[in-house]
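*Asks:* Provide a 3D model corresponding to the input given below.
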Amino acid sequence: MFQSPPALFNQGAPLLKLSVFVSLCLLLIIADYQFRATEQIRATLQIVLYPIQIALSQPGKLIDTASDNLRSLSTMKAVIEQQTIQIQNLSLLSNHAEHLEIENANLRKLLALQQQVAFKTLATEIIYKPSNWASQKIVINRGLADGVNVGMPVASDTGIIGQIIRVFQYSAEVSLIEERDSAIPVLVSRNGVRGALFGMGRAEPLDLRFINSIGDLDVGDYLTTSGIDGTYPAGFPVAIITKIDRSETAGTFISCRPVANLNRFRHLMVLLYQPSSSAPNPIIPDSVKNKKTSKWGNK
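*Replies:* Okay, here's the model as predicted:
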């Protein structure tokens, strides 16, 4: 049975329809140009479609705003990181300059102390401190090649820190006065009372023993080397009395603190000392003299 084609394919002559629609378009264009016939229609459509345009444009604006915020956040983060690095670098330079200033001051004090002593000295530097917690020793960068021998004392700008116990060609090991069972003959610079200062080991105060006139001692008294052992020259500051514990049953315990603090400097001085029959006058650096209180002048 014969079927007719669908309506889509049964629309008459295409050329005729095209001509009709083109003519209508031309008439509308001419009418709009001459008489503004569609202006009101466009205005009405603009009013009706404006909310839709706004709604459709919002996602794009939100995306643009978010992109701008992300770019700004990324830029600010980069600026903050750069400024943080600059602050760290400036802090490092400041700390380094402060460290150099402290070292220069220490070297000037050592130079001034060298000019006061009657024997030769040798400037040295701490290489490292062994990690043995039970030992109070350091290693310096002077040895046999520099004329260093076992037994020579080592001092800082504030006082004695120890003596050479082992020497190598270009380095030497120094036993600090805090080393357990180390002993230094000392006297109280205020009144000349003699005694012996013993090390007690790591993180322990020094112990002052063999004092004849304990009643003449006060907290704050400075102890200097007496020179009677022939190892340390007389008159060098060693420690300061920090505590006097008097007990009727257990006796009297006198605790002392070294005047030299190795945590504050790394430049030292080896005393090329040879014992003589005449002991020099006490040598007290200015840095130690300035620490004395007014009671020194009253006693």
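
*Asks:* every contact and neighbour count from this point should use C-alpha atoms.
*Replies:* Fine.

*Asks:* could you give the separation of the lengthiest strand in the chain from the chain centroid?
*Replies:* Determined from DSSP state E, the single longest strand within the chain is strand 237-247. In terms of Cα atoms, centre = their mean, to the nearest Å, the centre of strand 237-247 is set 33 Å apart from its chain centre.

*Asks:* so for the next helix or strand after that strand, what's the average pLDDT?
*Replies:* Later in the chain than strand 237-247, the nearest helix or strand by DSSP states H and E is strand 251-258. The average pLDDT within strand 251-258 is 89.

*Asks:* can you give me the angle strand 251-258 makes with strand 237-247?
*Replies:* 150 degrees (axes from the mean of the first three to the mean of the last three Cα atoms, to 10 degrees).

*Asks:* which other helices and strands contact the helix or strand just after strand 251-258?
*Replies:* Where DSSP H and E defines the elements, the next helix or strand beyond strand 251-258 is strand 267-271. Applying 3 or more Cα pairs under 8 Å, 6 or more residues apart in numbering; DSSP states H and E, we find strand 267-271 packed against helix 39-114, strand 121-128, strand 153-155.

*Asks:* go with 6 Å
*Replies:* strand 121-128, strand 153-155 (3 or more Cα pairs under 6 Å, 6 or more residues apart in numbering; DSSP states H and E).

*Asks:* which element is residue 227 on?
*Replies:* Judged by DSSP H and E, residue 227 forms part of no helix or strand.

*Asks:* check contacts around it.
*Replies:* 233, 234 (Cα atoms under 6 Å, 6 or more residues apart in numbering).

*Asks:* count the neighbours of residue 52 for me.
*Replies:* 11 (other Cα atoms under 10 Å).

*Asks:* what about the stretch 151-299 of the chain, any weak spots by pLDDT?
*Replies:* Along the stretch 151-299 of the chain, segments meeting pLDDT under 70 span 202-204, 274-299.

*Asks:* what about 80?
*Replies:* Along the stretch 151-299 of the chain, segments meeting pLDDT under 80 span 181, 202-204, 213, 247-251, 262-265, 273-299.

*Asks:* deepest-packed of the helices and strands packed on strand 267-271, please.
*Replies:* strand 153-155 (a mean of 24; mean count of other Cα atoms under 10 Å).

*Asks:* what about residue 145, distance to residue 121?
*Replies:* Distance, residue 145 to residue 121, by Cα to Cα, to the nearest Å: 15 Å.

*Asks:* please apply the same query to residue 154.
*Replies:* 9 Å.

*Asks:* swap in residue 19?
*Replies:* From residue 19 to residue 121 the distance is 119 Å (Cα to Cα).

*Asks:* returning to what we had before: can you give me the buried ones in the longest strand of the chain?
*Replies:* 237, 238, 239, 240, 241, 242, 244 (16 or more other Cα atoms under 10 Å).

*Asks:* so the fourth one bridges to which residues?
*Replies:* The residues paired with residue 240 through beta bridges, assigned by DSSP bridges, are residue 222, residue 257.

*Asks:* verify the stated contact: it with residue 222.
*Replies:* Yes - the criterion here is Cα atoms under 6 Å, and residue 240 meets it with residue 222 at 4.5 Å.

*Asks:* isn't residue 123 right next to residue 271, touching?
*Replies:* No - applying Cα under 6 Å as the test, residue 123 and residue 271 come out as separate, 8.9 Å apart.

*Asks:* count of neighbours near residue 253?
*Replies:* Residue 253 - counted by other Cα under 10 Å - has 15 other residues nearby.

*Asks:* actually residue 76, sorry about that
*Replies:* Applying other Cα under 10 Å, I find that residue 76 has 12 neighbouring residues.

*Asks:* so how far is residue 53 from it?
*Replies:* Distance from residue 76 to residue 53, by Cα to Cα: 34 Å.

*Asks:* any weak-confidence spans in the stretch 1-150 of the chain?
*Replies:* Ranges of the stretch 1-150 of the chain meeting pLDDT under 80: 1-14, 28-46, 48-50, 53, 57, 60-61, 85-86, 88-119, 130-135.

*Asks:* repeat the analysis, applying 90 as the threshold.
*Replies:* The model of the stretch 1-150 of the chain has pLDDT under 90 over residues 1-123, 128-136.

*Asks:* helices or strands next to the longest strand of the chain in the packing?
*Replies:* By 3+ Cα pairs under 6 Å, 6+ apart, strand 237-247 packs against strand 222-225, strand 251-258.
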